[in-house]
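Undergrad: Structure for this input, please:
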Amino acid sequence: MFRFASIAVVALTSCALSTTMQAQAGARRAAPSTRAITEMSLTFADTAAQRAAGKPAIVRIDYGQPHLRGRMLLTDSLVPMGKVWRLGANAATLFTTDVDLTLGGKAVAKGRYVAQLLPERSGWTLILQQETTGAAQVNVAAYDAAKDYARIPLTATTLSTAQESLAITLVPSTAPGAQKGELVIAWGTVHLKADWVVR
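TA: Numbering: from 1, shown residues only. From the prediction side, this is the model:
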């Protein structure tokens, strides 16, 4: 009798837990986009003393990461050709650098910028506008060309396999000399890049 009661209590408890878990699972939905950060740390590489003397400089890109979810990329509703696109989802994409850079042949002073993208059949352009509020997240504002800080030409190639999620990466070079590398933006079958070097 006691044994059966224990089993009944366990069965009732399991049933209640299963119903609660199903209700919780049904109440939650994954957001259609996520937030992503790519961050590169630049350290002094000459001697151990130099490395110990200074904290690393950071180059960071904070962006909303949309996903294709069956959609076509280059459409008026997603990434329209010939119009400035917010480069991401939700809040503005923020590009922050603790060092002066040359990016795609253009001088970019250390600071914080809102990054946007202009896709055109003749070529793709990364647009940086200075961001001075210092807010953790910045709302996307209507594009104003008068606020452009730099327009950086990007080299475009086509990927053989579509990439589901937008990815922005900073790829450092291991070559000797000045710290350098590539900024890479990829989504769908679009692959964009620009060289960067620390000035």
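
Undergrad: Beyond the host helix or strand of Leu154, next helix or strand please.
TA: Under the assignment given by DSSP states H and E, the secondary-structure element containing Leu154 is strand 148-172. Counting by DSSP H and E, the element after strand 148-172 in chain order, helix or strand, is strand 180-198.

Undergrad: Verify the stated contact: Gly123 with Ile152.
TA: No: at 10.9 Å, Gly123 does not count as touching Ile152 under the criterion of CB atoms under 8 Å. C-beta coordinates here come from the backbone N, C-alpha and C atoms, glycine included.

Undergrad: thinking again about what came up before, next one: the strand holding Leu154 to chain centre, how far?
TA: Centroid separation for strand 148-172 versus its chain: 11 Å, with CA atoms, centre = their mean, to the nearest Å.

Undergrad: where does the chain dip in pLDDT?
TA: 1-26, 30-32, 44-53 (pLDDT under 70).

Undergrad: Can you show me the strands along the chain?
TA: Remark: strands assigned in the chain by DSSP state E are 33-42, 57-66, 93-97, 101-103, 106-108, 111-120, 123-130, 148-172, 180-198.

Undergrad: For the closest residue to Ile152 other than its chain neighbours, give me its contacts.
TA: For Ile152, ignoring the flanking residues on the chain, the nearest one in space by CB to CB, 6 or more residues apart in numbering is Gly104 at 3.8 Å. For Gly104, the contacting residues are Leu126, Ile152, Pro153, Leu154, Leu183, Ala194, Asp195, Trp196, by CB atoms under 8 Å, 6 or more residues apart in numbering.

Undergrad: Find the residue at the geometric middle of the chain.
TA: Most central in the chain under CA atoms, centre = their mean is Tyr63, positioned 3.7 Å from the mean C-alpha point.

Undergrad: May I have stretch 117-131 as CSV, with CA atoms only?
TA: Extracted C-alpha coordinates of stretch 117-131, given in CSV (Å, rounded to 0.1, in the frame of the first residue of the first chain):
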residue,chain,number,x,y,z
LEU,A,117,26.2,49.4,-45.7
LEU,A,118,25.4,50.6,-49.2
PRO,A,119,24.9,47.7,-51.7
GLU,A,120,25.1,48.7,-55.3
ARG,A,121,25.7,46.7,-58.5
SER,A,122,28.8,48.7,-59.1
GLY,A,123,30.2,47.9,-55.7
TRP,A,124,29.5,47.7,-52.0
THR,A,125,30.4,50.5,-49.5
LEU,A,126,30.8,50.4,-45.7
ILE,A,127,29.7,53.8,-44.3
LEU,A,128,30.9,55.0,-40.9
GLN,A,129,29.3,57.9,-39.0
GLN,A,130,30.7,59.1,-35.7
GLU,A,131,28.7,58.1,-32.6
